[in-house]
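Asker: After the sequence you'll find the predicted model.
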Amino acid sequence: MMRSPILALLVIASTLACTRTPVPTNVYPVEEGFVDAGGVFIYYRALGVGEPLVVLHGGPGASHDYLLPYLIPLAKTNRLVFIDERGSGRSTKLEDPSGYTVENMADDVEAVRQSLHLGTISVLGHSYGGVLAQAYALKHQEQVSHLILASTFHSTRQLNEAFQRMLAAMPPELRGRIEALEKAGLFGGGKDFEKNRYPAPYMTAAWGEGYFPYLYRRRPDANFDPASSGQMSWDLYREMWGSHGEFVVDGNLASVEYAERLGSLHVPTLITVGDHDECDPEIARDMQRCIPGSKLVVFSESGHMTFVDQPTLFLDAVTDFVRTRR
């Protein structure tokens, strides 16, 4: 009896499927795509195995890229889902910057969770991403199994006070240079291509000389370049952070005052901070007082980039924490 061509193809396909080499356990394929969150396309990158851990980046207006490769080892025990927040990285830029709010971004996180069928998620937010993580948990805590707030703040007022202490501790020459540049106005000057971002001398003074001691401590990044920090969504940054410099938040993030609301959280919460963090450790201690049952870890010899300064301690703290049952 002659075998039909279709049947023969099915037999071949079945044989190939049975003999296909399985993916080694030390290989972590990357899935990436976009979630349409009400017309705003949110980019995500996922890898790893285990319970989902959604990672939210800082800025506001940066992207998830600065978290790589440092957080990748978490993929051994979690399905890591990095996202670029609206207006950031590969995600949709808005025509109207007023759409850049913490509340809208929290809705975007929920859209990603639902669209990827993640179920209950752990959420890790670094810096501004920690503010977003709090906003998401306050709105959707029934969907959160664990909350990790890394080098972040819950009160813009307290953060602005910390910035004033940072300014006061600077050498007078540097402080004077920063204040003179701010007084002259940080936007609209220079060449046409420079007008919508900080001028290079301010980037060097503020992000370089001013911030650097609070960014890194034990393992300063030799590739750090203040100018490269300018690769961000500037319309988003000005809407949220403000237009008057690095040492005052007077954009719509000024509305972030969560102290009185954090007591309603009953999600296991880990708070981490560096002992030389630009988000002052006192802010982290106040967050711990506000969130019932929360745990605080202060990393020694560490600035804002705790996962760079103390990579093993940071990864171990997060891994051990998300392993605990709710």
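Answerer: Structure's in. What do you need? Numbers count the residues shown, from 1 in each chain.
Asker: any idea which helix or strand comes after the helix or strand hosting Thr272?
Answerer: Secondary structure from DSSP states H and E places Thr272 in strand 269-274. Per DSSP H and E, the first helix or strand lying C-terminal to strand 269-274 is helix 281-290.
Asker: How about residues contacting that following helix?
Answerer: With contact meaning Cβ atoms under 8 Å, 6 or more residues apart in numbering, helix 281-290 is reached by 149, 152-155, 158-159, 162, 258-259, 262-263, 271-275, 277, 294-296, 298. Just so you know, the C-beta spots here come from the backbone N, C-alpha and C atoms, and that holds for glycine as well.
Asker: mind redoing it with 6 Å?
Answerer: When contacts are defined by Cβ atoms under 6 Å, 6 or more residues apart in numbering, helix 281-290 is touched by residues 153-154, 158, 259, 262, 271, 273, 294, 296, 298.
Asker: how about that helix: buried residues?
Answerer: The neighbour-count check on helix 281-290 (16 or more other Cβ atoms under 10 Å) flags 281, 283-284, 286-288, 290 as buried.
Asker: Tell me who's in contact with the residue nearest the centre of the chain.
Answerer: Centroid check for the chain by Cα atoms, centre = their mean gives His57 as the closest residue, at 1.4 Å. Applying Cβ under 6 Å, 6+ apart, one finds that His57 lies in contact with 64, 129.
Asker: redo that, cut-off 10 Å
Answerer: The contact partners of His57, by Cβ atoms under 10 Å, 6 or more residues apart in numbering, come to 63-67, 82-85, 88-89, 125-129, 132.
Asker: just checking, which of those belong to strands?
Answerer: 82-83, 125-126 (DSSP state E).
Asker: Find the pair from those with maximum spatial separation.
Answerer: Greatest spacing in these, by Cβ to Cβ: Ile83 and His126 (12.6 Å).
Asker: low-scoring stretches of the chain, by residue?
Answerer: Within the chain, the stretches with pLDDT under 70 are 1-23, 325-326.
Asker: Show me how it divides into domains.
Answerer: The chain is divided into the following domains under automatic domain parsing: 31-156+257-323, 158-253.
Asker: I figured Ala184 was touching Pro199, is that so?
Answerer: Yes: Ala184 lies in contact with Pro199 (Cβ atoms under 10 Å); the separation is 8.9 Å.
Asker: Tell me how far the helix or strand containing Leu313 lies from the chain's centre.
Answerer: Element membership of Leu313 [criterion: DSSP H and E] is helix 311-323. Averaging C-alpha positions (Cα atoms, centre = their mean, to the nearest Å) puts helix 311-323 17 Å from its chain's average.
Asker: ok, residues contacting it?
Answerer: Residues contacting helix 311-323 (Cβ under 10 Å, 6+ apart): 50-51, 53, 69-74, 76-78, 122, 124, 145-148, 150, 218-219, 268-270, 272, 274, 295, 297, 299-300, 302, 305-308, 310.
Asker: among these, which are in strands?
Answerer: If you go by DSSP E, these have 51, 53, 78, 122, 124, 145-148, 150, 269-270, 272, 274, 295, 297, 299 in strands.
Asker: Please list only the buried members of the residues you listed.
Answerer: Neighbour counting with 16+ other Cβ under 10 Å marks 51, 53, 78, 122, 124, 145-148, 150, 269-270, 272, 274, 297, 299 as buried within the ones in strands among the contacts of helix 311-323.
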